[in-house]
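*Asks:* give the three-dimensional model of this entry:
(one chain, ligands or ions: 1)
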Amino acid sequence: MKRKVLGMVLATSMVAATLVGCGGGDAAPAATEPAAEAPAAEAEAPAADAEAEAPAADAAAPSGNKVGVAMPTKDLQRWNQDGSNMQAELEAAGYEVDLQYASNDVATQVSQIENMINGGCSVLVIASIDGESLTTVLEGAKSAGIPVIAYDRLIKNTDAISYYATFDNYKVGQTQGQYIVDQLDLDNAAGPFNMEITAGSPDDNNATFFYNGAMDVLQPYIDAGKIVIPSGQVDFATVGTPAWATETAQSRMENILSSNYADGTNLDIALCSNDSTALGVENALAANYTGNYPVVTGQDCDIANVKNMIDGKQSMSVFKDTRTLASQVVKMVGQIMNGETVEVNDTETYDNGTGVIPSYLCEPVFADVNNYKELLIDSGYYTEADLQ
Ligand code: BGC
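*Replies:* Prediction:
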(Lines give C-alpha, C1' and ligand atoms only; values in the text may rest on other atoms or scores of the structure.)
Protein backbone atom coordinates (compact mmCIF):
# COMPACT_ATOMS: atom_id res chain seq x y z
CA MET A 1 0.00 0.00 0.00
CA LYS A 2 2.67 2.40 1.05
CA ARG A 3 4.77 1.31 -1.87
CA LYS A 4 1.84 2.24 -4.03
CA VAL A 5 1.80 5.75 -2.66
CA LEU A 6 5.48 6.19 -3.42
CA GLY A 7 4.90 4.61 -6.78
CA MET A 8 2.35 7.28 -7.50
CA VAL A 9 4.73 9.98 -6.42
CA LEU A 10 7.39 8.52 -8.66
CA ALA A 11 5.08 7.94 -11.57
CA THR A 12 3.86 11.49 -11.36
CA SER A 13 7.34 12.84 -11.10
CA MET A 14 8.53 10.94 -14.12
CA VAL A 15 6.09 12.74 -16.35
CA ALA A 16 5.94 15.97 -14.46
CA ALA A 17 9.01 17.50 -16.01
CA THR A 18 8.62 21.21 -16.22
CA LEU A 19 11.20 23.43 -17.75
CA VAL A 20 12.18 26.17 -15.39
CA GLY A 21 15.43 27.91 -14.71
CA CYS A 22 16.88 28.37 -11.29
CA GLY A 23 15.62 31.42 -9.53
CA GLY A 24 18.85 33.39 -9.54
CA GLY A 25 20.18 34.40 -6.18
CA ASP A 26 16.80 34.90 -4.62
CA ALA A 27 16.76 33.49 -1.14
CA ALA A 28 13.05 33.93 -0.65
CA PRO A 29 11.06 30.83 0.21
CA ALA A 30 9.82 29.15 -2.90
CA ALA A 31 6.23 29.51 -3.90
CA THR A 32 4.23 26.40 -4.58
CA GLU A 33 2.60 27.47 -7.80
CA PRO A 34 2.71 24.85 -10.52
CA ALA A 35 5.44 25.80 -12.92
CA ALA A 36 4.35 27.18 -16.23
CA GLU A 37 7.34 27.70 -18.44
CA ALA A 38 10.87 28.91 -18.33
CA PRO A 39 11.43 32.63 -18.01
CA ALA A 40 13.02 33.80 -21.23
CA ALA A 41 16.33 34.81 -19.70
CA GLU A 42 16.83 31.39 -18.19
CA ALA A 43 15.52 29.25 -20.97
CA GLU A 44 18.95 28.14 -22.06
CA ALA A 45 20.04 27.12 -18.61
CA PRO A 46 18.56 23.69 -17.96
CA ALA A 47 20.16 20.75 -19.65
CA ALA A 48 17.39 18.84 -21.29
CA ASP A 49 13.78 18.24 -21.94
CA ALA A 50 12.56 21.37 -23.61
CA GLU A 51 9.50 19.44 -24.72
CA ALA A 52 8.53 18.07 -21.36
CA GLU A 53 5.07 19.05 -20.26
CA ALA A 54 3.68 19.30 -16.76
CA PRO A 55 0.45 17.41 -16.34
CA ALA A 56 -1.83 18.04 -13.42
CA ALA A 57 -0.45 16.72 -10.17
CA ASP A 58 -2.06 13.73 -8.62
CA ALA A 59 0.51 12.42 -6.20
CA ALA A 60 -0.74 11.51 -2.78
CA ALA A 61 0.50 14.05 -0.27
CA PRO A 62 2.35 12.60 2.69
CA SER A 63 0.83 13.25 6.06
CA GLY A 64 2.83 14.91 8.83
CA ASN A 65 4.87 18.03 8.93
CA LYS A 66 8.44 17.01 9.67
CA VAL A 67 11.26 17.14 7.12
CA GLY A 68 14.55 15.29 7.69
CA VAL A 69 17.62 17.00 6.26
CA ALA A 70 20.81 14.89 6.26
CA MET A 71 24.02 16.77 5.42
CA PRO A 72 27.46 15.19 5.03
CA THR A 73 29.74 17.33 7.16
CA LYS A 74 30.21 20.62 8.92
CA ASP A 75 33.85 20.70 7.82
CA LEU A 76 33.10 22.38 4.54
CA GLN A 77 31.56 25.81 4.58
CA ARG A 78 29.06 25.07 1.86
CA TRP A 79 27.22 22.27 3.70
CA ASN A 80 26.71 24.53 6.71
CA GLN A 81 25.17 27.10 4.41
CA ASP A 82 23.05 24.52 2.61
CA GLY A 83 21.75 23.11 5.89
CA SER A 84 21.02 26.39 7.59
CA ASN A 85 19.42 27.94 4.49
CA MET A 86 17.14 24.96 4.14
CA GLN A 87 16.26 24.85 7.80
CA ALA A 88 15.38 28.55 7.84
CA GLU A 89 13.25 28.33 4.73
CA LEU A 90 11.49 25.13 5.74
CA GLU A 91 10.70 26.55 9.16
CA ALA A 92 9.47 29.78 7.60
CA ALA A 93 7.18 27.66 5.46
CA GLY A 94 5.79 26.05 8.59
CA TYR A 95 7.63 22.73 8.65
CA GLU A 96 9.42 21.12 11.54
CA VAL A 97 13.02 20.28 10.58
CA ASP A 98 15.37 17.53 11.75
CA LEU A 99 18.76 18.73 10.45
CA GLN A 100 21.75 16.42 10.96
CA TYR A 101 25.43 16.51 9.97
CA ALA A 102 27.36 13.24 9.81
CA SER A 103 31.06 14.26 10.13
CA ASN A 104 31.69 12.63 6.73
CA ASP A 105 31.09 9.24 8.37
CA VAL A 106 28.82 6.91 6.41
CA ALA A 107 27.69 4.86 9.43
CA THR A 108 26.70 8.05 11.23
CA GLN A 109 24.70 9.23 8.24
CA VAL A 110 22.94 5.86 7.95
CA SER A 111 21.89 5.95 11.59
CA GLN A 112 20.75 9.57 11.30
CA ILE A 113 18.55 8.60 8.35
CA GLU A 114 17.19 5.62 10.30
CA ASN A 115 16.25 7.98 13.11
CA MET A 116 14.56 10.33 10.67
CA ILE A 117 12.51 7.47 9.24
CA ASN A 118 11.55 6.20 12.68
CA GLY A 119 11.07 9.71 14.03
CA GLY A 120 8.14 10.55 11.81
CA CYS A 121 9.72 12.57 8.99
CA SER A 122 7.40 12.84 5.98
CA VAL A 123 10.07 13.77 3.43
CA LEU A 124 13.84 13.24 3.51
CA VAL A 125 16.41 15.53 1.91
CA ILE A 126 19.80 13.83 1.78
CA ALA A 127 23.20 15.08 0.68
CA SER A 128 25.02 11.77 0.80
CA ILE A 129 28.59 11.13 1.86
CA ASP A 130 28.95 7.99 -0.23
CA GLY A 131 26.32 7.84 -2.94
CA GLU A 132 26.43 4.05 -2.99
CA SER A 133 26.00 3.32 0.71
CA LEU A 134 22.40 4.20 1.41
CA THR A 135 20.62 1.42 -0.47
CA THR A 136 19.69 -0.58 2.61
CA VAL A 137 18.64 2.26 4.89
CA LEU A 138 16.51 3.78 2.14
CA GLU A 139 14.58 0.52 1.79
CA GLY A 140 13.09 1.63 5.10
CA ALA A 141 12.09 5.01 3.68
CA LYS A 142 10.54 3.36 0.69
CA SER A 143 8.51 0.89 2.66
CA ALA A 144 7.34 3.67 4.98
CA GLY A 145 6.21 5.65 1.92
CA ILE A 146 8.62 8.52 2.62
CA PRO A 147 9.73 10.37 -0.52
CA VAL A 148 13.45 11.11 -0.70
CA ILE A 149 15.11 14.05 -2.46
CA ALA A 150 18.81 13.54 -3.23
CA TYR A 151 20.42 16.88 -2.49
CA ASP A 152 23.39 18.04 -4.57
CA ARG A 153 24.83 14.49 -4.84
CA LEU A 154 23.02 11.66 -6.57
CA ILE A 155 22.22 8.63 -4.41
CA LYS A 156 22.85 5.49 -6.41
CA ASN A 157 21.41 1.99 -6.63
CA THR A 158 18.10 2.60 -4.88
CA ASP A 159 14.66 3.19 -6.28
CA ALA A 160 13.72 5.01 -3.08
CA ILE A 161 14.85 8.32 -4.60
CA SER A 162 11.98 10.40 -5.95
CA TYR A 163 13.86 13.49 -7.07
CA TYR A 164 17.33 14.95 -7.39
CA ALA A 165 18.17 18.63 -7.00
CA THR A 166 21.64 19.87 -7.79
CA PHE A 167 23.67 22.30 -9.82
CA ASP A 168 24.52 21.33 -13.36
CA ASN A 169 27.61 19.38 -12.38
CA TYR A 170 28.88 18.74 -15.88
CA LYS A 171 28.61 22.46 -16.55
CA VAL A 172 30.68 23.19 -13.44
CA GLY A 173 33.52 21.23 -15.04
CA GLN A 174 32.99 22.83 -18.44
CA THR A 175 33.12 26.25 -16.80
CA GLN A 176 36.48 25.43 -15.23
CA GLY A 177 37.84 24.08 -18.52
CA GLN A 178 36.58 27.04 -20.52
CA TYR A 179 38.09 29.47 -18.03
CA ILE A 180 41.48 27.86 -18.61
CA VAL A 181 41.02 28.02 -22.39
CA ASP A 182 40.14 31.71 -22.19
CA GLN A 183 42.80 32.72 -19.69
CA LEU A 184 45.63 31.10 -21.63
CA ASP A 185 44.11 31.94 -25.01
CA LEU A 186 44.58 28.32 -25.97
CA ASP A 187 43.04 28.78 -29.39
CA ASN A 188 45.81 31.17 -30.38
CA ALA A 189 48.73 30.52 -28.07
CA ALA A 190 51.30 27.97 -29.19
CA GLY A 191 51.95 26.42 -25.80
CA PRO A 192 52.71 23.87 -24.68
CA PHE A 193 51.30 24.58 -21.24
CA ASN A 194 51.93 22.26 -18.32
CA MET A 195 48.86 21.11 -16.43
CA GLU A 196 48.20 18.98 -13.35
CA ILE A 197 44.77 17.71 -12.39
CA THR A 198 43.23 17.35 -8.94
CA ALA A 199 39.78 15.81 -9.01
CA GLY A 200 37.16 15.06 -6.38
CA SER A 201 36.16 12.12 -4.24
CA PRO A 202 35.59 8.86 -6.11
CA ASP A 203 32.57 8.01 -3.92
CA ASP A 204 30.81 11.25 -4.93
CA ASN A 205 28.87 10.91 -8.17
CA ASN A 206 29.37 14.61 -8.86
CA ALA A 207 33.13 14.22 -9.02
CA THR A 208 33.13 12.42 -12.37
CA PHE A 209 30.74 14.98 -13.83
CA PHE A 210 33.09 17.80 -12.83
CA TYR A 211 36.10 15.92 -14.19
CA ASN A 212 34.40 14.95 -17.45
CA GLY A 213 33.01 18.44 -18.01
CA ALA A 214 36.46 19.99 -17.68
CA MET A 215 38.30 17.30 -19.60
CA ASP A 216 35.84 17.37 -22.48
CA VAL A 217 36.71 21.05 -22.95
CA LEU A 218 40.46 20.53 -22.50
CA GLN A 219 41.00 17.22 -24.33
CA PRO A 220 41.25 18.77 -27.81
CA TYR A 221 44.09 20.98 -26.55
CA ILE A 222 45.78 17.97 -24.96
CA ASP A 223 45.39 16.07 -28.24
CA ALA A 224 46.88 19.02 -30.11
CA GLY A 225 49.88 19.08 -27.78
CA LYS A 226 49.03 22.54 -26.43
CA ILE A 227 48.50 21.13 -22.97
CA VAL A 228 50.84 18.53 -21.55
CA ILE A 229 50.71 16.79 -18.19
CA PRO A 230 54.27 16.27 -16.95
CA SER A 231 53.28 13.90 -14.11
CA GLY A 232 51.42 11.69 -16.56
CA GLN A 233 48.58 11.50 -14.02
CA VAL A 234 45.41 11.98 -16.02
CA ASP A 235 42.70 9.42 -15.51
CA PHE A 236 40.08 10.01 -12.87
CA ALA A 237 41.11 7.04 -10.75
CA THR A 238 44.62 8.49 -10.43
CA VAL A 239 43.78 12.15 -9.87
CA GLY A 240 40.81 11.70 -7.50
CA THR A 241 40.94 13.01 -3.92
CA PRO A 242 39.15 10.76 -1.40
CA ALA A 243 36.76 12.75 0.80
CA TRP A 244 37.77 15.90 -1.08
CA ALA A 245 40.41 16.34 1.61
CA THR A 246 42.62 19.42 1.45
CA GLU A 247 45.55 17.58 3.07
CA THR A 248 45.39 14.74 0.54
CA ALA A 249 45.31 17.15 -2.38
CA GLN A 250 48.23 19.03 -0.82
CA SER A 251 50.48 16.02 -0.27
CA ARG A 252 49.77 14.65 -3.72
CA MET A 253 50.63 18.00 -5.30
CA GLU A 254 53.78 18.26 -3.18
CA ASN A 255 54.92 14.93 -4.62
CA ILE A 256 54.07 16.01 -8.16
CA LEU A 257 55.94 19.29 -7.73
CA SER A 258 59.06 17.68 -6.30
CA SER A 259 59.13 14.96 -8.98
CA ASN A 260 58.34 17.09 -12.01
CA TYR A 261 58.87 20.78 -11.32
CA ALA A 262 61.83 21.01 -8.96
CA ASP A 263 64.13 21.67 -11.92
CA GLY A 264 62.42 25.00 -12.63
CA THR A 265 59.74 23.67 -14.99
CA ASN A 266 56.73 25.95 -14.88
CA LEU A 267 53.30 24.71 -13.93
CA ASP A 268 50.79 26.68 -16.00
CA ILE A 269 47.49 25.11 -15.04
CA ALA A 270 46.23 23.48 -11.83
CA LEU A 271 42.81 22.13 -12.68
CA CYS A 272 41.16 21.56 -9.30
CA SER A 273 37.60 20.33 -9.08
CA ASN A 274 36.63 22.31 -6.00
CA ASP A 275 37.81 24.77 -3.41
CA SER A 276 38.88 22.32 -0.70
CA THR A 277 41.21 20.57 -3.14
CA ALA A 278 42.34 23.90 -4.62
CA LEU A 279 43.32 25.01 -1.15
CA GLY A 280 45.58 21.96 -0.79
CA VAL A 281 47.17 22.66 -4.16
CA GLU A 282 47.68 26.32 -3.24
CA ASN A 283 49.36 25.28 0.01
CA ALA A 284 51.65 22.94 -1.92
CA LEU A 285 52.50 25.71 -4.39
CA ALA A 286 53.28 28.12 -1.57
CA ALA A 287 55.65 25.65 0.08
CA ASN A 288 57.27 23.92 -2.88
CA TYR A 289 57.15 26.01 -6.01
CA THR A 290 58.82 29.17 -7.18
CA GLY A 291 57.96 29.27 -10.89
CA ASN A 292 55.30 31.33 -12.64
CA TYR A 293 52.04 31.03 -10.77
CA PRO A 294 49.54 28.77 -12.57
CA VAL A 295 45.88 29.28 -13.38
CA VAL A 296 44.15 27.52 -10.47
CA THR A 297 40.49 26.57 -10.69
CA GLY A 298 38.03 25.79 -7.91
CA GLN A 299 34.38 25.52 -7.04
CA ASP A 300 32.09 26.76 -4.25
CA CYS A 301 33.47 30.25 -3.56
CA ASP A 302 34.40 29.27 -0.03
CA ILE A 303 35.60 32.26 1.97
CA ALA A 304 39.21 31.06 2.24
CA ASN A 305 39.30 30.59 -1.53
CA VAL A 306 37.71 33.93 -2.36
CA LYS A 307 40.36 35.52 -0.16
CA ASN A 308 42.99 33.60 -2.11
CA MET A 309 41.39 34.80 -5.32
CA ILE A 310 41.72 38.37 -4.14
CA ASP A 311 45.35 37.65 -3.18
CA GLY A 312 46.12 36.14 -6.60
CA LYS A 313 46.57 32.58 -5.30
CA GLN A 314 43.49 31.16 -6.99
CA SER A 315 42.27 32.26 -10.40
CA MET A 316 38.60 31.35 -10.29
CA SER A 317 35.95 29.45 -8.48
CA VAL A 318 32.55 28.26 -9.63
CA PHE A 319 29.80 30.03 -7.74
CA LYS A 320 26.93 27.77 -6.83
CA ASP A 321 24.53 29.93 -4.89
CA THR A 322 23.45 27.54 -2.16
CA ARG A 323 20.47 29.81 -1.43
CA THR A 324 19.11 28.99 -4.85
CA LEU A 325 19.43 25.24 -4.43
CA ALA A 326 18.00 25.32 -0.92
CA SER A 327 15.04 27.40 -2.15
CA GLN A 328 14.39 24.99 -4.97
CA VAL A 329 14.44 22.02 -2.62
CA VAL A 330 12.13 23.76 -0.17
CA LYS A 331 9.81 24.34 -3.09
CA MET A 332 10.00 20.64 -4.02
CA VAL A 333 9.24 19.63 -0.44
CA GLY A 334 6.19 21.91 -0.45
CA GLN A 335 5.01 20.45 -3.74
CA ILE A 336 5.42 16.90 -2.44
CA MET A 337 3.69 17.75 0.84
CA ASN A 338 0.78 19.34 -1.03
CA GLY A 339 0.50 16.53 -3.56
CA GLU A 340 1.33 18.96 -6.35
CA THR A 341 3.38 18.49 -9.47
CA VAL A 342 7.05 18.72 -8.58
CA GLU A 343 9.07 20.98 -10.84
CA VAL A 344 12.01 19.37 -12.56
CA ASN A 345 14.00 20.51 -15.59
CA ASP A 346 16.03 17.44 -16.49
CA THR A 347 14.78 13.90 -17.00
CA GLU A 348 17.75 12.53 -18.94
CA THR A 349 21.06 13.06 -17.25
CA TYR A 350 21.08 11.35 -13.88
CA ASP A 351 20.52 7.59 -13.94
CA ASN A 352 21.16 6.22 -10.47
CA GLY A 353 21.32 2.60 -11.55
CA THR A 354 17.60 2.02 -11.11
CA GLY A 355 16.53 4.50 -13.78
CA VAL A 356 16.72 8.21 -14.48
CA ILE A 357 15.88 10.35 -11.48
CA PRO A 358 13.81 13.45 -12.32
CA SER A 359 16.13 16.31 -11.53
CA TYR A 360 16.24 20.03 -11.05
CA LEU A 361 19.56 21.49 -12.17
CA CYS A 362 20.55 24.97 -11.01
CA GLU A 363 22.99 27.10 -12.95
CA PRO A 364 26.63 27.47 -11.89
CA VAL A 365 28.62 30.56 -12.91
CA PHE A 366 32.31 31.35 -12.71
CA ALA A 367 33.63 33.87 -10.25
CA ASP A 368 36.99 35.55 -10.38
CA VAL A 369 38.65 38.67 -9.12
CA ASN A 370 36.79 40.77 -11.68
CA ASN A 371 33.24 39.77 -10.87
CA TYR A 372 33.25 38.44 -7.32
CA LYS A 373 32.00 41.70 -5.81
CA GLU A 374 28.90 41.71 -7.93
CA LEU A 375 28.24 37.98 -7.52
CA LEU A 376 29.09 37.54 -3.89
CA ILE A 377 28.82 40.86 -2.12
CA ASP A 378 26.14 42.75 -4.02
CA SER A 379 23.93 39.66 -3.86
CA GLY A 380 24.35 39.52 -0.08
CA TYR A 381 26.04 36.11 -0.14
CA TYR A 382 29.00 37.53 1.77
CA THR A 383 29.77 40.85 3.38
CA GLU A 384 32.98 42.77 2.69
CA ALA A 385 34.01 41.91 6.23
CA ASP A 386 33.66 38.17 5.57
CA LEU A 387 36.36 38.47 2.94
CA GLN A 388 38.87 40.43 5.01
C1 BGC B 1 29.72 19.34 -4.17
C2 BGC B 1 30.78 20.41 -4.18
C3 BGC B 1 31.71 20.25 -3.00
C4 BGC B 1 32.19 18.83 -2.86
C5 BGC B 1 32.95 18.62 -1.58
C6 BGC B 1 30.39 18.00 -4.10
O7 BGC B 1 29.46 16.98 -4.13
O8 BGC B 1 28.92 19.43 -5.32
O9 BGC B 1 30.15 21.67 -4.16
O10 BGC B 1 32.81 21.08 -3.15
O11 BGC B 1 31.12 17.93 -2.90
O12 BGC B 1 32.14 18.76 -0.47
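*Asks:* so what's Thr246 closest to, chain neighbours aside?
*Replies:* Gly280 (4.2 Å; Cβ to Cβ, 6 or more residues apart in numbering). For every residue, glycine as well, the C-beta is placed using N, CA and C.
*Asks:* give the contact list for the one you found.
*Replies:* When contacts are counted by Cβ atoms under 8 Å, 6 or more residues apart in numbering, Gly280 is found next to Thr198, Thr241, Ala245, Thr246, Glu247, Thr248, Ala249, Gln250, Ser251, Arg252, Met253.
*Asks:* can you select the buried ones among the residues you listed for me in PyMOL?
*Replies:* Listed next is the PyMOL selection for buried residues among the contacts of Gly280, using 16 or more other Cβ atoms under 10 Å:
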select buried, resi 198+241+245+246+248+249+250+252+253
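*Asks:* for the stretch 101-250 of the chain, which residues are neighbours of the ligand?
*Replies:* By Cβ under 6 Å from any ligand atom, the residues of the stretch 101-250 of the chain that approach the ligand are Asp152, Arg153, Asp204, Asn206, Trp244.
*Asks:* so which of those are in helices?
*Replies:* Applying DSSP state H to these, the entries found in helices are Asn206.
*Asks:* next one, pLDDT for the most far-flung residue of the chain relative to its centre please.
*Replies:* Farthest-out residue of the chain from its mean C-alpha position, per Cα atoms, centre = their mean: Asp263, at 37.4 Å. Model confidence at Asp263, expressed as pLDDT, equals 96.
*Asks:* looks to me like it is in a strand.
*Replies:* No - read with DSSP: H, G, I helix; E, B strand; the rest coil, Asp263 is coil and lies in no strand.
*Asks:* separation between it and the ligand?
*Replies:* Asp263 sits 33 Å away from the ligand, going by Cβ to the nearest ligand atom, to the nearest Å.
*Asks:* which positions in stretch 179-199 come out as buried?
*Replies:* Result for stretch 179-199 [16+ other Cβ under 10 Å]: buried residues Tyr179, Ile180, Val181, Leu184, Leu186, Phe193, Asn194, Met195, Glu196, Ile197, Thr198, Ala199.
*Asks:* which of those residues fall within helices?
*Replies:* Tyr179, Ile180, Val181.
*Asks:* and the strands in the protein?
*Replies:* Taking DSSP state E, the strands of the chain run over residues 66-71, 96-101, 123-126, 148-151, 161-167, 193-198, 227-228, 269-272, 295-296, 316-319, 359-362, 365-368.
*Asks:* from Ser133, how far off is Asp203?
*Replies:* Asp203 sits 8 Å away from Ser133, going by Cβ to Cβ, to the nearest Å.
*Asks:* try Met337
*Replies:* Distance, Met337 to Ser133, by Cβ to Cβ: 27 Å.
*Asks:* OK, now which residue of the stretch 201-350 of the chain is nearest to the ligand?
*Replies:* Asn274 (3.5 Å; Cβ to the nearest ligand atom).
*Asks:* could you report the neighbour count for that residue?
*Replies:* A count of nearby residues for Asn274, using other Cβ atoms under 10 Å, gives 31.
*Asks:* I'd say it and Ala199 touch.
*Replies:* No - Asn274 is beyond contact range of Ala199, at 9.2 Å (criterion: Cβ atoms under 8 Å).
*Asks:* shared neighbours, those two?
*Replies:* Residues touching both Asn274 and Ala199 (Cβ under 8 Å, 6+ apart) are Phe210.
*Asks:* interface residues of the stretch 251-388 of the chain facing the ligand?
*Replies:* Counting by Cβ under 6 Å from any ligand atom, the stretch 251-388 of the chain sits next to the ligand at Asn274, Ser276, Gln299, Asp300, Lys320.
*Asks:* try 5 Å this time
*Replies:* Residues of the stretch 251-388 of the chain lying near the ligand by Cβ under 5 Å from any ligand atom: Asn274, Asp300.
*Asks:* how about the contacts made by the residue lying closest to Thr277 once chain neighbours are set aside?
*Replies:* The spatially closest residue to Thr277, leaving aside those adjacent along the chain, is Ala249, at 4.0 Å (Cβ to Cβ, 6+ apart). With contacts defined as Cβ under 8 Å, 6+ apart, Ala249 is in contact with Thr198, Thr241, Cys272, Ser276, Thr277, Ala278, Leu279, Gly280, Val281, Ala284.
*Asks:* hang on, Asp346 packs against Ile357?
*Replies:* No - Asp346 is beyond contact range of Ile357, at 9.3 Å (criterion: Cβ under 8 Å).
*Asks:* which one's more surrounded, the two?
*Replies:* Just comparing Asp346 and Ile357: by other Cβ under 10 Å the higher neighbour count belongs to Ile357, 29 against 22.
*Asks:* enumerate every residue touching the more buried one.
*Replies:* When contacts are counted by Cβ under 8 Å, 6+ apart, Ile357 touches Ala150, Leu154, Ile161, Ser162, Tyr163, Tyr164, Tyr350, Asp351.
*Asks:* what does Arg153 give?
*Replies:* Counting by Cβ under 8 Å, 6+ apart, Arg153 touches Pro72, Ala127, Ser128, Gly131, Thr166, Asp204, Asn205, Asn206.
*Asks:* among the contacts of Gly280, which one lies nearest to Asn115?
*Replies:* Minimum distance to Asn115 across those is 27.2 Å, recorded for Ala245 (Cβ to Cβ).
*Asks:* tell me the confidence at that closest one?
*Replies:* The score at Ala245 is 96. That number is its pLDDT.
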